[in-house]
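Student: coords please:
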Amino acid sequence: MNSERTDTPGSWDEQATLAALLDYTRATVHAKCAGLSDADALGAPLPGSPLMTVAGLVSHLRWVEYYWIRVVFLGGEDILPGTEDDPDAEMRIAPGVPLGRLLAEYEAQCAEFRVLVAGLDPDDRAKQPISGDRYPTLRWILLHLVEETARHNGHLDILRELADGVTGT
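Tutor: Next comes the predicted model:
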């Protein structure tokens, strides 16, 4: 992952702006995790949220991007780890995987998706509906990913501070 984070696009067109903001939130995930031990990444310090771990959030973000880009937008196969009985399975699979591997898998997938959507029109419609006959645009999906990743970066802020006192990354 490129350690330089910027939310300023190289040009001010919509596609460059959406890509820059999504890449910024993605890079922030890596910054929040930098130097964190695997043991601390597995800590669940919030008594009411036993699945809320750094490792679980990184795994979740990987699968969120997979779902919205690969499954909904591109119409690909749904191989998400969740089931009807265990919709949060991606948060549970993380304990057996080192944080570095989770981050590398997340980055590799983001790089692939960056290429897949580059040059597409933000008004292009998804191949799968999100409900009924509602087919979101690429614009909505990318904005949703910015929102989702930014929200979880807030969770990562809290978990990181509770784990080892690091703040402000």
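
Student: what's the distance between residue 126 and residue 86?
Tutor: 25 Å (CB to CB, to the nearest Å). C-beta here means a position set from N, CA and C on the backbone, and glycine is covered the same way.

Student: The two: which is more packed in?
Tutor: residue 126 (20 against 11; other CB atoms under 10 Å).

Student: Dump stretch 134-145 to PDB, keeping only the CA atoms.
Tutor: This file holds the C-alpha atoms of stretch 134-145, laid out as PDB (Å, rounded to 0.1, in the frame of the first residue of the first chain):
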ATOM      1  CA  ARG A 134     -33.400  -0.900  -8.000                       C
ATOM      2  CA  TYR A 135     -30.000  -1.100  -9.800                       C
ATOM      3  CA  PRO A 136     -27.600   1.300  -8.300                       C
ATOM      4  CA  THR A 137     -25.100   3.400 -10.300                       C
ATOM      5  CA  LEU A 138     -21.400   3.000 -10.000                       C
ATOM      6  CA  ARG A 139     -21.400   6.500  -8.500                       C
ATOM      7  CA  TRP A 140     -23.700   5.400  -5.700                       C
ATOM      8  CA  ILE A 141     -21.600   2.200  -5.100                       C
ATOM      9  CA  LEU A 142     -18.400   4.200  -4.900                       C
ATOM     10  CA  LEU A 143     -19.900   6.800  -2.600                       C
ATOM     11  CA  HIS A 144     -21.300   4.000  -0.400                       C
ATOM     12  CA  LEU A 145     -17.800   2.400  -0.200                       C
END
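
Student: any idea of the mean pLDDT for that stretch?
Tutor: For stretch 134-145, mean pLDDT is 98.

Student: Would you point out the helix or strand in this structure whose mean pLDDT is lowest?
Tutor: One helix or strand of the chain scores below all others by mean pLDDT, DSSP states H and E: helix 89-92, with a mean of 90.

Student: so what secondary structure elements neighbour that one?
Tutor: Here helix 89-92 touches helix 54-65, going by 3 or more CB pairs under 8 Å, 6 or more residues apart in numbering; DSSP states H and E.

Student: The nearest residue to residue 117 once chain neighbours are set aside: how many residues sit nearby?
Tutor: Leaving out its chain neighbours, the residue that sits closest to residue 117 by CB to CB, 6 or more residues apart in numbering is residue 138, at 6.3 Å. Neighbourhood size, residue 138 [other CB under 10 Å]: 20.
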